[in-house]
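Asks: Could you look at this predicted model? Sequence included:
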Amino acid sequence: MAEVVIVENAAAAGALVADEIVRLIRADPSVVLGLATGSTPLPVYEALRSRVADVDVSQVRGFALDEYVGIDPAHPESYRSVITREVVEPLGLDPARIRVPDGRTDGIEHAGADYEAAIDAAGGVALQLLGIGTDGHIGFNEPGSSFASITRVKTLTEQTREDNARFFPSIDDVPMHCITQGLGTILRAKHLVLLAFGDGKAEAVAGAVEGPVTASLPGSAIQLHPHATVVVDEAAASHLRFADYYRYTYANKPAWQGL
């Protein structure tokens, strides 16, 4: 079972996870981080800004979860641009050390294998940040994705394209395809940290943490990982049957274990 940490709000979650990331950087200045996009990880990135002011982050490496296929990397809604805007520049990371899947159509047939090789060459991801969709997806691994899947091109569901249309002039401008780390790729990270906030995520969180392990809910793959931490606010925890147990175990957790 994943460790579940229930906090007051998103800001408290961001501070908790940011402290763990800083600890990793101090222990290994060239640590490899798995970076997620979207609104969910923003409290972590915001909390890191003040915490890395006196930390050498020049050697930190990172791998993004996914990217749209066929989008110009300079487009403001490409995940390359988002990672640069929300993570690299505010934290002072070296952009050359932060990788995003290559969504250019030229060479897309081997882009997934290239990304897998790059992650392996870096020694693997130490801590992978994750959000979860209301349908249980993580990364762009929609329901039905194989737990053994690796970085590959996927067709976005109509629901996902509709959800992401708010970032584009219209749904017609939302790319039809993406390249995403697979569930198998994500499960190879040493530590998974899944964040979720708000009532809208409560059902997906409960399914991922306490429900059956099923491809119909990709987030349930975290149950297969030896070190997975789920950090949620009270609203996102509202459907958890064992919430009181999670609170008790975290309150009595030995300090040396960390996050």
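Replies: Right, received. Where do you want to start? Values in this document were obtained by computation on a predicted structure and should not be read as measured data.

Asks: Could you use CA atoms for every contact and neighbour count after this?
Replies: Noted.

Asks: The stretch 1-150 of the chain: strands as residue ranges?
Replies: Taking DSSP state E, counting those that start in this stretch, the strands of the stretch 1-150 of the chain run over residues 3-7, 32-35, 61-64, 66-68, 98-99, 127-130.

Asks: Can you tell me what sits against the second one?
Replies: To tie it back to what came earlier, the one meant is strand 32-35. Strand 32-35 is contacted from outside by 60-65, 83, 122-130, using C-alpha atoms under 8 Å, 6 or more residues apart in numbering.

Asks: From the chain's centroid, how far away is that strand?
Replies: Strand 32-35 sits 9 Å away from the centroid of its parent chain (C-alpha atoms, centre = their mean, to the nearest Å).

Asks: State the distance from V22 to A215.
Replies: Between V22 and A215 the computed distance is 33 Å (C-alpha to C-alpha, to the nearest Å).

Asks: Y248 falls within a helix, correct?
Replies: Yes - Y248: assigned to a helix according to DSSP: H, G, I helix; E, B strand; the rest coil.

Asks: So what's the residue count around Y68?
Replies: 26 (other C-alpha atoms under 10 Å).

Asks: Next, the contact list for the residue nearest to it when sequence neighbours are not counted, please.
Replies: Distances taken as C-alpha to C-alpha, 6 or more residues apart in numbering put C178 closest to Y68, at 4.2 Å, once the chain neighbours are dropped. Counting by C-alpha under 8 Å, 6+ apart, C178 makes contact with D66, E67, Y68, V69, G103, F140, V153, K154, T155, L156.

Asks: repeat for K201
Replies: K201 is in contact with I132, G133, T134, A236, counting by C-alpha under 8 Å, 6+ apart.
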